[in-house]
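Engineer: mind folding the following:
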Amino acid sequence: MLECVNSSDVDELEDSSVLGTLVGDLSISSGRLVRIKAALFEDEVGVVLLQYITEGWPNIKDRVRLLHGSFTDIVEILRGQGHSTANIADGILFDVGASSMQYSNRDRGFSVTNNGPLDMRMNRDEETPTAADVVNKLEEKDLYKILKKYGEEKLSRQIARLVVEYRQMMGPITTTKDLREVVSEVYRAAEATRKVDKAGRKQHAATLTFQALRIFVNDELNQLYNGLKIAHLLLKPNGICAVISFHSLEHNVTHQVFNTKHAIDKQTLVTPNLHQTAFLYPWKCDSSVIKPSEEEVTQNPRSRSAELRVAFKKSVQR
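Structural biologist: Residues are numbered from 1 along each chain as shown. Reported below is the predicted structural model:
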């Protein structure tokens with residue numbers, strides 16, 4: 001179905017049919033996934049890095065096209081290049097969320113542990129609000145809603161209150177260190193326990209706060225939801241859609257879309273034939289969820305919460 005490999009296995013794939021069947025990973029990172037025909041990456045730095053990586057694979061470089069944009073940009077990008085946007089893909093892979101490359105770059109502001117500017121934007125080419133804008137400009141009640149909805153943070157009300165108090169007394173929160181210390185103080189005052197992950201490590205007190213802000217800043221759940229709807233349009237009948245997700249909110253969105261009766265809602269239709277396509281080819285969801293092995297978690301701790309779900313665009317028998 002989908003063959004996921006490390007970059008060290010590239011020699012085995014250079015003549016593989018996998019290269020011809022996967023149309024795109026809509027968010028690949030630094031070369032640890034399958035080799036594909038086209039990749040859409042929201043981070044402009046990621047596109048440059050992947051161009052550098054593919055230079056090392058002469059048999060693959062000319063067969064991979066790197067594109068810059070979000071999940072929901074793919075139709076516009078394809079049309080701009082003169083391509084059809086219906087029934088063109090054999091397979092699509094979503095690798096959701098921030099990549100290890102982004103977490104490791106302190107200037108991006110994604111990491112709880114690395115001090116840097118509180119940015120968190122996937123695409124810095126766009127003039128969109130940063131995480132610093134959110135924590136410094138929103139009212140307490142709005143901060144609370146974001147932390148509760150997108151972080152499922154049990155102390156969201158207390159954190160929102162202390163963030164507002166901090167910025168009133170100390171000035172704007174501009175770095176990841178500033179925010180990390182505010183959240184950690186809330187946990188210390190509440191004597192709250194922290195979750196233990198699959199690797200047996202305690203979750204940092206600010207992890208869920210950072211997650212919530214990142215999701216809000218990048219509109220990640222709507223991007224995933226709408227991206228999956230668009231993926232259904234792009235796939236050929238019996239085409240494969242695979243999603244690697246990393247937390248319960250992403251898991252739930254993927255499950256919701258894959259298990260809907262029609263992949264495209266009537267309200268979102270542009271032309272009647274789209275509804276016909278959605279009726280004829282709903283998702284057939286593989287019930288199994290693939291999780292990383294203990295060995296993989298040991299080698300790559302960031303994979304510990306990953307889940308792989310697969311669905312097919314299947315024709316309805318009339």
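Engineer: residue ranges with poor pLDDT in the stretch 201-318 of the chain?
Structural biologist: 261-281, 316-318 (pLDDT under 70).
Engineer: and the strands in it, which stretches?
Structural biologist: Per DSSP state E, counting those that start in this stretch, the stretch 201-318 of the chain carries strands over the ranges 235-245, 283-285, 307-313.
Engineer: could you dump these into TSV with distance to residue 205 and mean neighbour count added?
Structural biologist: C-beta coordinates here come from the backbone N, C-alpha and C atoms, glycine included. TSV is the format used below for these (distance: least, C-beta to C-beta, whole Å; neighbours: other C-beta atoms under 10 Å):
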stretch	distance to residue 205	mean neighbour count
strand 235-245	23	21
strand 283-285	36	18
strand 307-313	24	21
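Engineer: show me the domain layout of the protein.
Structural biologist: Segmentation of the chain into domains, based on automatic domain parsing, reads 7-101+220-313, 106-218.
Engineer: first-to-last residue distance for the last one?
Structural biologist: Which is domain 106-218. The straight-line separation of the ends of domain 106-218 (C-alpha to C-alpha, to the nearest Å) is 18 Å.
Engineer: how about the contacts made by residue 148?
Structural biologist: Taking C-beta atoms under 8 Å, 6 or more residues apart in numbering, we find residue 148 in contact with 156, 157.
Engineer: name the SS class of it, please.
Structural biologist: Secondary structure for residue 148, judged by DSSP: H, G, I helix; E, B strand; the rest coil, is helix.
Engineer: per-residue confidence at it?
Structural biologist: pLDDT for residue 148: 97.
Engineer: could you measure from it over to residue 155?
Structural biologist: 10 Å (C-beta to C-beta, to the nearest Å).
Engineer: again, but for residue 249
Structural biologist: 18 Å.
Engineer: please verify my assumption that residue 242 contacts residue 90.
Structural biologist: No: judged on C-beta atoms under 8 Å, residue 242 makes no contact with residue 90 at a distance of 11.9 Å.
Engineer: could the strands of the stretch 201-318 of the chain go into CSV alongside distance to residue 78?
Structural biologist: Shown next, in CSV, are the strands of the stretch 201-318 of the chain (distance: least, C-beta to C-beta, whole Å):
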stretch, distance to residue 78
strand 235-245, 13
strand 283-285, 21
strand 307-313, 17
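Engineer: nearest to residue 136, of those strands?
Structural biologist: strand 235-245 (29.9 Å; C-beta to C-beta).
Engineer: hmm, who's touching the closest one?
Structural biologist: Contacts of strand 235-245 (C-beta under 8 Å, 6+ apart): 1-2, 87-97, 224, 228, 231-232, 250-251, 253-254, 258, 280-281, 283, 306-315.
Engineer: make a PyMOL selection of the buried ones in these.
Structural biologist: A single PyMOL command is used to select the members of the contacts of strand 235-245 judged buried by 16 or more other C-beta atoms under 10 Å:
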select buried, resi 2+89+91+92+93+94+95+96+97+224+228+231+232+250+251+253+254+258+281+283+306+307+308+309+310+311+312+313
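Engineer: point out where the stretch 51-200 of the chain drops to low pLDDT.
Structural biologist: For the stretch 51-200 of the chain (pLDDT under 70), the answer is 51-68, 197-200.
Engineer: any idea how far residue 239 is from residue 283?
Structural biologist: From residue 239 to residue 283 the distance is 11 Å (C-beta to C-beta).
Engineer: mutual contacts of these two, please.
Structural biologist: With C-beta under 8 Å, 6+ apart as the test, residue 239 and residue 283 both reach 312, 313.
Engineer: ok, residue 152 - how many residues close by?
Structural biologist: If you count neighbours by other C-beta atoms under 10 Å, residue 152 ends up with 14.
Engineer: how much space between residue 313 and residue 88?
Structural biologist: Distance check for residue 313 against residue 88: by C-beta to C-beta, it reads 12 Å.
Engineer: oops, could you answer that again for residue 143 instead?
Structural biologist: 42 Å.
Engineer: cool, and residue 146?
Structural biologist: Residue 146 is 37 Å from residue 88, by C-beta to C-beta.
Engineer: leaving out the residues flanking it, which one is nearest to residue 213?
Structural biologist: residue 131 (4.4 Å; C-beta to C-beta, 6 or more residues apart in numbering).
Engineer: residues in contact with the one you found?
Structural biologist: 109, 118, 119, 120, 179, 213, 214, 217.
Engineer: from those, which two are the most distant?
Structural biologist: Longest span within those, C-beta to C-beta: 179 and 217, 12.9 Å.
Engineer: thought residue 304 was touching residue 293?
Structural biologist: No: judged on C-beta under 8 Å, residue 304 makes no contact with residue 293 at a distance of 10.8 Å.
Engineer: what touches both of these two?
Structural biologist: Joint contacts of residue 304 and residue 293 (C-beta under 8 Å, 6+ apart) do not exist.
Engineer: compare these two (neighbour count), which wins?
Structural biologist: Set residue 304 next to residue 293 and count neighbours by other C-beta under 10 Å: residue 304 wins out with 18 against 10.
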